[in-house]
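# take a look and give me a structure for this.
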Amino acid sequence: MSRGSSKPNPGGASRGKGAPKGAAGRGRSAGRGSGPPERGGKGSPGRGGQAPGSRGKSQRGGSPGRGGPPRRGPSGGGGAGGRGAGGRGAGGGAGRPTAVGSRYGLGGDQVEGRQAVRELLLAGTRKVREVLLAEDLDTAPVIDDIRQLAREQRVMVTELGRKALDRRSFTESSQGVVALAAELKPVELEELLATGGRPGATGVGAHTPFLLALDSITDPRNLGAMLRTAECAGVDGVILPRHRAAHVTASVSKTAAGAIEHLPMSLVGGLPAALESLRANGVWVVGLDGAGPTSIYDLTVATQPICLVAGAEGKGLSRLVTRRCDEVVSLPLRGSLDSLNVGAAVAVATYEIMRRRAAPEGGSATTV
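Okay, the predicted model is just below:
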């Protein structure tokens with residue numbers, strides 16, 4: 001984030017004649033949301049590891065604003081198919097707003113998509129400030145639910161033209177529905193351990209935590225898909241690194257389709273240290289990587305307190321994280337390709353663990 005200053009700037013870009021004092025670095029228009037920046041990869045998924053794909057490096061600097069020094073904030077591309085900060089919004093031109101604000105918080109203060117906004121209002125776990133709707137929305141039950149829930153909770157509903165709403169949204173397609181809400185609050189790692197399973201859980205894993213840790217996942221769409229899978233599979237909580245990883249942006253909330261409202265999430269300063277803490281508390285740490293020597297179907301600790309760890313696109317699990325794993329498993333591949341997308345791999349592994357945990361003790365685990 002650039003800092004406006006009236007001090008001289010030797011060696012930097014000159015401010016130009018007639019420029020107002022402190023105007024340096026204001027060339028790029030900022031959006032109204034306060035979520036963390038979207039840090040998706042620059043390229044399409046490639047090969048290598050259980051989680052293929054390339055993680056784009058954030059461009060530090062970008063082009064300078066009008067009459068100011070180069071910006072130092074992240075300006076790399078957004079997630080797959082998304083528009084990042086370095087697109088048409090640069091230089092003060094028209095374009096989608098840049099997701100800025102709580103850099104190291106969990107985010108989630110702007111929710112987009114019909115199902116995501118409906119779940120936000122249904123959950124009632126955080127304050128919703130305003131709901132923005134497109135004026136040309138067709139009649140649909142989900143839109144009726146959103147209007148009714150907003151009315152019951154005394155949430156202001158504002159109708160905008162489609163172009164005006166698109167300028168307020170961070171995603172390419174908000175489905176004509178955007179909500180502004182309080183930021184998600186992360187839970188402490190100790191609280192995830194103390195949960196011991198979701199209320200109403202049954203089977204062998206009813207009183208043992210089932211956690212999912214994500215090692216430097218940077219693609220917002222992959223993160224959103226994994227959060228949705230984790231919530232549907234009954235995962236008790238998700239552990240995210242505070243730095244160098246995607247958090248809950250508008251793209252994540254839309255892809256997660258409301259899962260962020262029901263899934264506890266913890267932010268940790270260092271994932272290796274957090275995994276070591278889990279091990280010290282009796283949790284089995286199981287890494288998921290294409291090079292894993294054990295098949296996920298041969299995992300023997302699925303019914304124990306467990307934390308499944310998925311690695312970043314392309315690079316897989318980092319060296320320090322791998323060293324903290326009690327076991328590293330992989331998915332058997334029978335086709336010509338040598339890897340799966342990390343979101344698909346996590347879905348398969350998560351549901352296999354859930355299937356094993358749902359079976360009665362000593363019984364068959366053929367169905368869920």
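# low pLDDT regions in the stretch 101-250 of the chain?
Filtered on pLDDT under 70, the stretch 101-250 of the chain yields the residue ranges 101-104, 195-207.
# quick one: the helices in it?
Applying DSSP state H, counting those that start in this stretch to the stretch 101-250 of the chain gives helices spanning 114-123, 141-152, 162-168, 189-195, 220-232, 250-256.
# next structured bit after the last one?
It refers to helix 250-256. Under the assignment DSSP states H and E, the closest C-terminal helix or strand after helix 250-256 is strand 265-268.
# which element follows that following strand toward the C-terminus?
Per DSSP H and E, strand 265-268 leads on to helix 271-280 as the next helix or strand towards the C-terminus.
# show me what that following helix is packed up against.
Counting contacts by 3 or more Cβ pairs under 8 Å, 6 or more residues apart in numbering; DSSP states H and E, helix 271-280 packs against helix 189-195, strand 210-214, strand 237-241, strand 284-288, strand 306-310, helix 319-323. Placement of C-beta: from N, CA and C, glycine included.
# looking at these, which is closest to Arg129?
Nearest of the helices and strands packed on helix 271-280 to Arg129, taken as Cβ to Cβ: strand 237-241 at 24.5 Å.
# partner strands of that closest one, with direction?
Strand pairing for strand 237-241, determined by DSSP bridges: strand 210-214 (parallel), strand 265-268 (parallel).
# any idea how far apart the tips of stretch 296-304 sit?
15 Å (Cα to Cα, to the nearest Å).
# for stretch 297-316, that is, sorry about that
20 Å.
# which parts of that stretch are buried?
Buried residues in stretch 297-316, defined by neighbour count with 16 or more other Cβ atoms under 10 Å: 299, 302-316.
# in those residues, which has the lowest confidence score?
pLDDT across the buried residues of stretch 297-316 is at its lowest for Glu313, which sits at 76.
# quickly note the distance from that one to Thr171.
Separation of Glu313 from Thr171 (Cβ to Cβ, to the nearest Å) stands at 20 Å.
# now do Leu211
According to Cβ to Cβ, Leu211 and Thr171 sit 28 Å apart.
# can you give me the neighbour number for the closest residue to Arg151 other than its chain neighbours?
In space, and not counting its chain neighbours, Arg151 is closest to Val157: 7.7 Å by Cβ to Cβ, 6 or more residues apart in numbering. For Val157, the tally of surrounding residues (other Cβ atoms under 10 Å) stands at 13.
# also the one 10 residues further on?
Using other Cβ under 10 Å, Arg167 has 16 neighbouring residues.
# ditto for Arg151
Each residue near Arg151 was counted by other Cβ under 10 Å, and the total is 10.
# now do Glu135
The tally of other residues near Glu135 (other Cβ under 10 Å) stands at 11.
# isn't it right up against Gly161?
Yes. Under the criterion of Cβ atoms under 8 Å, Glu135 makes contact with Gly161 at 5.8 Å.
# got a list of what Lys254 touches?
By Cβ atoms under 8 Å, 6 or more residues apart in numbering, Lys254 lies in contact with 111-113, 116, 171, 174-175, 224.
# measure the closest residue to Ala181 other than its chain neighbours to Ile146 for me?
Spatial nearest neighbour of Ala181, chain neighbours left out: Val128 (4.6 Å); criterion: Cβ to Cβ, 6+ apart. For Val128, the distance to Ile146 equals 10 Å [Cβ to Cβ].
# more neighbours: these two, which one.
More neighbours surround Ile146 than the other of Val128 and Ile146, with 25 against 20 (other Cβ under 10 Å).
# okay, the helices of the stretch 101-250 of the chain in TSV with distance to Ala347 next?
As requested, those are exported to TSV (distance: least, Cβ to Cβ, whole Å):
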stretch	distance to Ala347
helix 114-123	18
helix 141-152	24
helix 162-168	31
helix 189-195	21
helix 220-232	5
helix 250-256	13
